[in-house]
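[1] Structure for this input, please:
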Amino acid sequence: MKRISLIALCMLAAIGLHAQPLGPGTRWFDGRNMFVASEGSGKITLTSADDGGKTKFVLNPIPDQMDWFTLDGENTNSVILSQITLASLTEDEGRKMLVIYQGGMVAKLFERTALSSDEIIAERWYPTVRGKYSCTTPEGKILAVTVGDDIITIDGETVGYKMVKSNGAPLDVVDIQDGVGKGAWHFVRTIDGFNVYRSKLNATGEYEELYDEVDDRPYVLNWADPTQSRWSYLSEVFIIPIHFTKESLRLIREHILAQHGYVFRDKQLKEYFKAQPWYKPGKDNDSINLNFIEQMNISRIQGEESKADEERNRVTEEVPGIKNVTNQ
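    Numbering: from 1, shown residues only. Have a look, this model is predicted:
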């Protein structure tokens, strides 16, 4: 397989079976929020069901271009309309997607779903935290941690936790109800796992990290499963790239390929993946096949990488001093 180019991935996003129209009442999920479609005056509007309708995407069908739309100035928040902005409907592997392009790059993905907000958030969020980790405490102690769906095992003791949400979206805060680790914890994503901070619910109903009350060093969770990449979940879940720097995004993109045995020519990448116990390079790249989600994740990452830094509203561990968890 030749190196997958951005142009090829954009074409893959638009190719496939013609998707069904964005009918009234259909529900579309962008990775964190649910949107509901409505029609009027020849336009289709996607309105957020999670922020009181503040965020809207208004699509104008392009004449004689089936499943293609332009976006107009009524859109708010998530899309910068200073660039050429288009949208296309596509379908692959049973998934109906609305793909938004800016300047020829993928800027946003919506997936049609019949699930409730709670159901699809759980389906998409749990794989992003699930796995085996080695935890280094602020004091330097090493703990074995396994995160599952609603349970965490810490050095052999299993406790339950609750995923915390605000306006329907997960905050990446887990609330351990009892036992070891009792309390709220903010999971900040890193390239190797998470940095985890003790948190609390303040008087205004927001979670804050306890920088001023305890040691501000995090509990560092590093991926510890030798059988698969930390990013293996990107074969089944669409990425939300705002969490990461461009440097991290590039490496995540390479992880997707490495999981399929991609043979790297770059010396640094070759050495990096050679050190990963799960990496098994193939003889060549001709037989590598990415599924639809992997293709779209690579395309989405490249779209985020193409943005100017001032256009990126990211919340990452590489940007220190995050206080208010609801800003994610």
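[2] mind listing the strands for the stretch 1-150 of the chain?
    With strands called from DSSP state E, counting those that start in this stretch, the stretch 1-150 of the chain shows them at 27-29, 34-40, 43-48, 56-61, 68-71, 85-92, 95-102, 105-113, 131-136, 142-147.
[3] mind giving me a markdown table with those and columns for distance to residue 163 and mean neighbour count?
    No exception for glycine: its C-beta is placed from N, CA and C like everyone else's. Formatted as a markdown table, these follow (distance: least, Cβ to Cβ, whole Å; neighbours: other Cβ atoms under 10 Å):
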| stretch | distance to residue 163 | mean neighbour count |
| --- | --- | --- |
| strand 27-29 | 16 | 20 |
| strand 34-40 | 16 | 17 |
| strand 43-48 | 20 | 20 |
| strand 56-61 | 26 | 20 |
| strand 68-71 | 32 | 18 |
| strand 85-92 | 29 | 20 |
| strand 95-102 | 24 | 21 |
| strand 105-113 | 18 | 20 |
| strand 131-136 | 16 | 18 |
| strand 142-147 | 11 | 16 |
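[4] To residue 297, which of those strands lies closest?
    strand 105-113 (9.0 Å; Cβ to Cβ).
[5] how close does residue 181 sit to residue 196?
    Applying Cβ to Cβ, to the nearest Å, the value for residue 181 to residue 196 is 9 Å.
[6] picking that back up, any chance of the strands of the stretch 1-150 of the chain in JSON lines, plus distance to residue 265 and mean pLDDT?
    Formatted as JSON lines, these follow (distance: least, Cβ to Cβ, whole Å; pLDDT from 0 to 100):
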{"stretch": "strand 27-29", "distance to residue 265": "37", "mean pLDDT": "93"}
{"stretch": "strand 34-40", "distance to residue 265": "41", "mean pLDDT": "92"}
{"stretch": "strand 43-48", "distance to residue 265": "41", "mean pLDDT": "91"}
{"stretch": "strand 56-61", "distance to residue 265": "40", "mean pLDDT": "90"}
{"stretch": "strand 68-71", "distance to residue 265": "36", "mean pLDDT": "89"}
{"stretch": "strand 85-92", "distance to residue 265": "29", "mean pLDDT": "87"}
{"stretch": "strand 95-102", "distance to residue 265": "29", "mean pLDDT": "88"}
{"stretch": "strand 105-113", "distance to residue 265": "24", "mean pLDDT": "89"}
{"stretch": "strand 131-136", "distance to residue 265": "29", "mean pLDDT": "97"}
{"stretch": "strand 142-147", "distance to residue 265": "35", "mean pLDDT": "97"}
